[in-house]
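quick one, fold the following:
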Amino acid sequence: QVQLVESGGGLVQAGGSLRLSCATSGRTVTVRDMGWFRQAPGKEREFVATVNWSAGSTYYSDSVLGRFTLSGDTAKNMVYLQMNSLKPEDTAVYYCVAASRSLGGDRWPGSYHYWGQGTQVTVSS
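Residues are numbered from 1 along each chain as shown. The predicted structure follows:
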């Protein structure tokens, strides 16, 4: 089993920045895709961004494109999410995800095998 551990969440004012990190541990498996989903109160889980390691392709939701940047360390199976120009509507629990097959930016949460426990991001207006 692969464990994902997120860090870096917190409270920030609108227009500010945060950087989330996700580390993997546990059984060594081949991870093809890693990235982030988020869930705001009363809403369904929403795709944010993912990366496919072999292709080096990254995928972003329209709502974060141009403001968030996903990067990673393939050797360590770590991913980071740099979030700039944060808005109150970005407030959510952010989950790190991973998959053992290439998903090409699949936005359905059920496609991702592994999930972290989540980290809270709160953006005040």
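
in the protein, which ranges drop under the pLDDT threshold?
Scanning the chain with the threshold set as pLDDT under 70 gives 28.

rerun that using 90 as the cut-off
Flagging of the chain using pLDDT under 90 yields the residue ranges 1-2, 24-32, 53-56, 73-77, 100.

could you pull out the strands for it?
Counting by DSSP state E, residue ranges of the strands within the chain are 2-7, 10-13, 18-26, 33-39, 46-52, 57-60, 68-73, 78-83, 92-99, 114-115, 119-124.

what would these look like in a markdown table with distance to residue 105?
The way it works is simple: take the backbone N, C-alpha and C, and place the C-beta from them, glycine included. Supplementary listing: those in a markdown table, determined by distance: least, Cβ to Cβ, whole Å:
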| stretch | distance to residue 105 |
| --- | --- |
| strand 2-7 | 19 |
| strand 10-13 | 27 |
| strand 18-26 | 17 |
| strand 33-39 | 8 |
| strand 46-52 | 6 |
| strand 57-60 | 3 |
| strand 68-73 | 11 |
| strand 78-83 | 14 |
| strand 92-99 | 11 |
| strand 114-115 | 17 |
| strand 119-124 | 21 |
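
out of these, which is the most enclosed?
Of all the strands of the chain, strand 33-39 has the most neighbours on average by mean count of other Cβ atoms under 10 Å, namely a mean of 24.

in space, what's closest to the most centrally placed residue in the chain - neighbours in sequence excluded?
The centroid of the chain falls nearest to residue 36 when counting by Cα atoms, centre = their mean (1.8 Å). Nearest non-adjacent residue to residue 36, counting by Cβ to Cβ, 6 or more residues apart in numbering: residue 48, 4.2 Å away.

now swap in residue 98 and tell me
Closest residue in space to residue 98, ignoring its immediate chain neighbours: residue 114 at 4.2 Å, by Cβ to Cβ, 6+ apart.
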